[in-house]
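Enquirer: got a sequence here, can you build the structure:
(one chain, ligands or ions: 2)
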Amino acid sequence: MAYDYEKSIRPGKLPHIWCPGCGHGIVMKGLIRAMDTCELDRKNTAIVSGIGCASRLPGYLDACTLHTAHGRAAAFATGVKMAKPEMNVICCGGDGDGTAIGGNHFIHACRRNIDMTYVLMNNYIYGMTGGQFSPCTPTGDLASTTPYGNPDPIFDISKLAIGAGATFVARTTAAHPREIDKLIVKGIQHKGMAIIEVIDDCPTTYGRRNKFRSVIDMMKRLKAEAVPVKAAAKMTAEQLEGKFLTGVLFEDTEKPEYTAQYADVIKKAQCA
Ligand SMILES: Cc1ncc(C[n+]2csc(CCOP(=O)(O)OP(=O)(O)O)c2C)c(N)n1
Ligand code: SF4
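Expert: Ligands and ions are numbered 1, 2, ... in the order given. Predicted structure coming up:
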């Protein structure tokens, strides 16, 4: 039987804005399946985003959703979780939103280890505004603002999240849809800051500039470059050149979660 996604879609919101072949829809379906697997009560689930094509995702979902200012998803989500720690909080957005204008909010949410799941769709580009380079555009690649090739080194989002203090970090791609919901489920079940980086595709502003003639070419590239962590352990540095790791990259269940720590502060202040 076909999976019933319709029941999770807010009435009247379709059609969506995404281009044919955009990976964001694959991620949205993965998130719906993950929320169903975790039996999340949509009335007790906040899905928060900033601005961008990826950040349009929450608007389609029938839950408590917040479409905020560019780069501010983690900040608004932190506010929601602090005011209502009993709520499930999920952030969604792109690499531009989360690691350029929103980079500061992203790293500090990781540092605090606040209990939320951040699904970051990394399509290497600012898709919505016509393909400007982001901190995740690979060095040498073309963007509307790097017509001679991007001279910048990239942010590795997962490494950034681990370094900043997130306690669950996982990565997959839009070409591995069944892994998307499995990792989001793990992120939702984790008590602390969970980052799920999905290497995504933007055929319209990244693919066509960088010689991917079709969406299938982009998907083939994602499959070719993704190496599961277990397989990577048996490979040499040379074999891993130009690849990225997928699966659960880091997990720490010992570090205290922020809202629990803050509850202690409130108790102390009330007794003082
Ligand atoms: C303060 C502010 N600056 C700039 C913009 C313009 N802007 C809208 S979306 C966006 C980039 C979004 O890129 P990303 O988060 O990677 O998502 P994508 O569109 O690729 O899914 C920018 C720069 C804005 N809306 N607000
Ligand atoms: S511009 Fe790119 S990111 Fe935006 S909807 Fe189109 S394919 Fe997706």
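Enquirer: surely residue 212 touches residue 202?
Expert: No: contact between residue 212 and residue 202 fails when scored by C-beta atoms under 8 Å: they sit 9.9 Å apart. C-beta coordinates here come from the backbone N, C-alpha and C atoms, glycine included.
Enquirer: quick one, which of those two is more surrounded?
Expert: Neighbour totals were compared for residue 212 and residue 202, and residue 202 leads with 29 against 18 (other C-beta atoms under 10 Å).
Enquirer: and the stretch 51-200 of the chain, which of its residues are near ligand 2?
Expert: Within the stretch 51-200 of the chain, the residues that sit near ligand 2 (C-beta under 6 Å from any ligand atom) are 53, 123, 127, 128.
Enquirer: which ones are touching the third one?
Expert: Read it as residue 127. 22, 52, 53, 54, 94, 202, 204, 205, 206 (C-beta atoms under 8 Å, 6 or more residues apart in numbering).
Enquirer: show me which of those residues neighbour ligand 1.
Expert: With C-beta under 6 Å from any ligand atom as the criterion, the contacts of residue 127 include 52, 53, 54, 94, 202 near ligand 1.
Enquirer: just the buried ones from these, in PyMOL syntax?
Expert: Buried subset of these, written as a PyMOL selection, criterion 16 or more other C-beta atoms under 10 Å:
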select buried, resi 52+53+54+94+202
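Enquirer: sitting in strands, which of the ones next to ligand 1 among the contacts of residue 127 do you find?
Expert: Using DSSP state E, the members of the ones next to ligand 1 among the contacts of residue 127 that fall in strands are residue 94.
Enquirer: show me the beta-bridge partners of the residue minimising distance to the centre of the chain.
Expert: Note on the chain: the residue nearest the mean C-alpha position is residue 120, at 1.4 Å, using C-alpha atoms, centre = their mean. Using DSSP bridges, the beta-bridge partners of residue 120 come out as residue 93, residue 197.
Enquirer: from residue 67, how far out is it?
Expert: 16 Å (C-beta to C-beta, to the nearest Å).
Enquirer: cool, and residue 4?
Expert: Taking C-beta to C-beta as the measure, residue 4 falls 25 Å from residue 67.
Enquirer: what do you get for residue 54?
Expert: Counting by C-beta to C-beta, the gap from residue 54 to residue 67 is 11 Å.
Enquirer: show me where the stretch 1-150 of the chain has strands.
Expert: 45-49, 64-67, 88-94, 116-122, 125-126, 132-133 (DSSP state E, counting those that start in this stretch).
Enquirer: and what of the stretch 151-272 of the chain?
Expert: 168-173, 193-199, 226-228, 244-251.
Enquirer: many thanks, I have nothing further to ask.
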